[in-house]
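# 3D, please:
(one chain, ligands or ions: 2)
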Amino acid sequence: MSGGEPEPRCYYVGVDVGTGSVRAALVDQRGALLAFADQPIDKWEPQFNHHEQSSENIWAACCVVTKKVVQGIDRSQIRGLGFDATCSLVVLDKQFRPLPVNHEGDFHRNIIMWLDHRAISQVQKINETKHRVLQYVGGMMSVEMQAPKLLWLKENLRETCWDKAGHFFDLPDFLSWKATGVTARSLCSLVCKWTYSAEKGWDDSFWKMIGLEDFVADNYSKIGNEVLSPGASLGSGLTPEAARELGLPVGTAVAASLIDAHAGGLGVIGADVAGHGLICEGQPVTSRLAVICGTSSCHMGISKDPIFVPGVWGPYFSAMVPGFWLNEGGQSITGKLIDHVVQGHAAFPELQAKATTRCQSVYAYLNSHLDLIKKAQPVGFLTVDLHVWPDFHGNRSPLADLTLKGMITGLTLSQDLDDLAILYLATVQAIAFGTRFIIEAMEAAGHSISALFLCGGLSKNPLFVQMHADITGMPVVLSQEVESVLVGAAILGACASGDFASVQGPEHSLVSQTTRVSGQLRTVIRQSICNVSPRNRLWADQCSALTSP
Ligand SMILES: Nc1ncnc2c1ncn2[C@@H]1O[C@H](COP(=O)(O)OP(=O)(O)O)[C@@H](O)[C@H]1O
Ligand SMILES: O=C(CO)[C@H](O)[C@H](O)COP(=O)(O)O
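Numbers count the residues shown, from 1 in each chain. Ligands and ions are numbered 1, 2, ... in the order given. Predicted structure coming up:
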């Protein structure tokens, strides 16, 4: 390009389907996020532990947000589209029409959500097999993965769903199929949630042993027998129908997708931290832990060689960064737990009214309220007599025990706003202790982690970020672009377009690509300060020891 002439602009669209909403972003080749839109999506909880969604409702929301972010843009400059989504299970019949995943026969509800725990007896049966594939999910399969859900459908909805089903998709793969008509699955989904091996493919003996031999018999056509790396270009790009619905040109390149946490990990883990005096500067990218915190928190650490961490998912080869192994720790509910605790408190209506008067979110209000009542001691010490154990929806990592429940000790008769604020703080601290236990388990198995890279809705909460720094004792890095998950999705679109060679190689191309796409590292780096009472630590350590198998 000759000097002075502006570089022609290339745009990429990233679409991120979280648990509660769908977001889209328009990103240019320098990494600037030019437009953002979001839209809530429907959720149903027809009975305890059953959580369902609608693939049509989610697709419609994808179309709304995509149309919004490309408004006013020259469409010919939009070069690629990438999707990420939660790892929920989408069920379609042989003609690709939604099938009900419920006893009521409601066709609209054709998704068993990732946090659905209906398949408890099925996952117990799967874990009793002690099959070799379980080594690659931390030693125990989670009820949140797809095999137990599939078995539940076969055992419980044989005629109305199982026998009629033609296609079982992970939600990210459903979206890329909907956009392109290509049924190929992403390696990310299949490796992380479906027991597929990047090196060996499907393991017939596993599916036969758990009673789902049907998949072997038809050569896995219903769950995926063509597998592509995240970022690979799918078919001929957008079909005419999808292009019309999304407001994009026919043939726009569409990428094989990623699970949402993995897109977030890709968006932050390679960030350039030079000049901030951080311990991880100059160290390999394997010393970083990406923590994607929304409804849940996912803790993504990568390594050159496989590391087997009891209770932590993986090791998964090439599921996030090609050529690297991934371990994924997680807490099934974090944002959802904070919302649950705050919204369920007697003082919540008062909190809402006061926050509205100040035009603040309830969390911004609570954070300033804690500052007001802390007196001489740091905020973290307000909870010396109140402790929360955060496993209200079981423990994903490192205990891998879905039967665990939440606990609160130190309750009084007080129901005022101070009480609510302190309970909120104790919940945030408990979640941060959960992260610490996951890191300790990963380090005991061979990881060496020196900094956390946070993204997701909860990373917008300064108290949540600070507590993670204080309780883990590690610096927390936030990227310049708050919507890092969307940046990860846009990187996929850039790869599919051919503008980026691949998403690979953290030390080299991923770092430069990530910084190129995601822009500058935000200078907000939270260093750990003495902000937590030793009694909180003692209590959390004791609970951890008590609940360990
Ligand atoms: N500005 C904010 N301040 C504090 N918490 C926030 C903020 N924005 C989102 N959250 C929290 O983040 C969680 C949702 O994060 P998000 O990444 O949107 O979730 P998901 O991807 O699962 O839909 C919610 O539980 C919410 O309480
Ligand atoms: O298991 C997952 C990732 O491996 C889920 O997709 C995730 O936990 C749900 O994500 P979010 O909290 O962003 O809605």
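# residues near the residue of the stretch 101-250 of the chain at minimum distance from ligand 2, how many?
In the stretch 101-250 of the chain, the residue that lies nearest ligand 2 is residue 114 (4.6 Å; C-beta to the nearest ligand atom). Placement of C-beta: from N, CA and C, glycine included. A count of nearby residues for residue 114, using other C-beta atoms under 10 Å, gives 26.
# with the one 10 residues further on instead?
By the criterion of other C-beta under 10 Å, residue 124 has 14 neighbours.
# which element, helix or strand, includes it?
Mapping residue 124 onto the secondary structure by DSSP states H and E places it in helix 120-128.
# show the average pLDDT along stretch 465-473.
When pLDDT is averaged over stretch 465-473, the result is 91.
# cool, stretch 489-504 as well?
With pLDDT averaged residue by residue, stretch 489-504 scores 85.
# contacts for it?
If you take C-beta atoms under 8 Å, 6 or more residues apart in numbering as the criterion, stretch 489-504 is touched by 10, 12-16, 25, 27, 29, 79-84, 229-234, 237, 253-258, 263, 266-267, 321-323, 509-510, 513-514, 517.
# residue 319 is in contact with residue 194, isn't it?
No - under the criterion of C-beta atoms under 8 Å, residue 319 is not in contact with residue 194, lying 11.1 Å apart.
# okay, these two: which has more neighbours?
Taking other C-beta under 10 Å, residue 319 and residue 194 do not tie; residue 319 has more neighbours (31 against 23).
# ok, and of the contacts of stretch 489-504, which contact ligand 2?
Among these, none lies close to ligand 2 by the criterion of C-beta under 6 Å from any ligand atom.
# state the phi and psi torsions of residue 37.
For residue 37, the backbone dihedrals are phi -150, psi 150 (criterion: degrees, to the nearest 10).
# that one touches residue 21, doesn't it?
No - when contacts are counted by C-beta under 8 Å, residue 37 is not listed as touching residue 21 (10.1 Å).
# SS state for residue 345?
Three-state secondary structure (criterion: DSSP: H, G, I helix; E, B strand; the rest coil) places residue 345 in coil.
# for it, give its distance to residue 92.
Spatial separation of residue 345 from residue 92 under the definition C-beta to C-beta, to the nearest Å is 41 Å.
# likewise for residue 305?
With distances defined as C-beta to C-beta, the gap from residue 305 to residue 92 amounts to 38 Å.
# quick one, which of these two is more surrounded?
Between residue 305 and residue 92, counted using other C-beta under 10 Å, the more crowded position is residue 92 (20 against 9).
# C-alpha coordinates for whatever helix or strand the more buried one lives in, PDB please?
Secondary-structure element containing residue 92, defined by DSSP H and E: strand 89-93. Extracted as PDB, the C-alpha positions of strand 89-93 are listed here (Å, rounded to 0.1, in the frame of the first residue of the first chain):
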ATOM      1  CA  LEU A  89     -27.900 -29.700  22.800                       C
ATOM      2  CA  VAL A  90     -30.100 -28.900  19.800                       C
ATOM      3  CA  VAL A  91     -32.400 -31.700  18.500                       C
ATOM      4  CA  LEU A  92     -33.800 -31.700  14.900                       C
ATOM      5  CA  ASP A  93     -35.700 -34.400  13.000                       C
END
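# any idea how far it is from the chain center?
Relative to its parent chain, strand 89-93 has a centroid offset of 21 Å by C-alpha atoms, centre = their mean, to the nearest Å.
# show me what the helix or strand just after it is packed against.
Toward the C-terminal end, the helix or strand that comes next after strand 89-93 (DSSP H and E) is strand 111-112. On a contact count with 3 or more C-beta pairs under 8 Å, 6 or more residues apart in numbering; DSSP states H and E, strand 111-112 meets strand 52-53, strand 89-93, helix 146-156.
# can strand 111-112 be said to contact ligand 2?
No - Strand 111-112 lies out of reach of ligand 2 by C-beta under 6 Å from any ligand atom, never closer than 12.3 Å.
# now do that strand, average pLDDT.
For strand 111-112, mean pLDDT is 98.
# that strand: partners in the sheet, and parallel or antiparallel?
The strands that strand 111-112 pairs with in its sheet are strand 52-53 (antiparallel), strand 89-93 (antiparallel) (by DSSP bridges).
# I'd like those as JSON lines, with mean pLDDT appended.
JSON lines is the format used below for the strands paired with strand 111-112 (pLDDT from 0 to 100):
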{"stretch": "strand 52-53", "mean pLDDT": "98"}
{"stretch": "strand 89-93", "mean pLDDT": "98"}
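# which one of those strands is the most hemmed in?
The highest mean neighbour count among the strands paired with strand 111-112, using mean count of other C-beta atoms under 10 Å, belongs to strand 52-53: a mean of 24.
# that strand vs ligand 2: in contact?
No - when contact is scored as C-beta under 6 Å from any ligand atom, no part of strand 52-53 falls within range of ligand 2; the minimum is 11.3 Å.
# list of residues touching that strand?
Here strand 52-53 makes contact (C-beta under 8 Å, 6+ apart) with 41-46, 88, 101-102, 109-113, 116.
# ok, so of those, who is nearest ligand 1?
Sorting the contacts of strand 52-53 by how near they are to ligand 1, with C-beta to the nearest ligand atom, puts residue 41 at the top with 8.6 Å.
# which residues of the protein lie near ligand 1?
Taking C-beta under 6 Å from any ligand atom as the criterion, the chain approaches ligand 1 at residues 18-21, 294-295, 335-336, 338-339, 361, 363, 456-458, 460-461.
# wait, what's in contact with residue 430?
The contact partners of residue 430, taken as C-beta under 8 Å, 6+ apart, are 387-390, 540.
# again, only this time at 7 Å
Taking C-beta atoms under 7 Å, 6 or more residues apart in numbering as the criterion, residue 430 is in contact with 388-390.
# what does residue 148 give?
Neighbour list for residue 148: 119, 122-123, 126, 141 [criterion: C-beta under 7 Å, 6+ apart].
# neighbour count, pLDDT and distance to ligand 2 added to the residues you listed, as TSV?
Formatted as TSV, the contacts of residue 148 follow (neighbours: other C-beta atoms under 10 Å; pLDDT from 0 to 100; distance: C-beta to the nearest ligand atom, whole Å):
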residue	neighbour count	pLDDT	distance to ligand 2
119	26	98	15
122	23	98	18
123	23	98	14
126	26	98	17
141	26	98	13
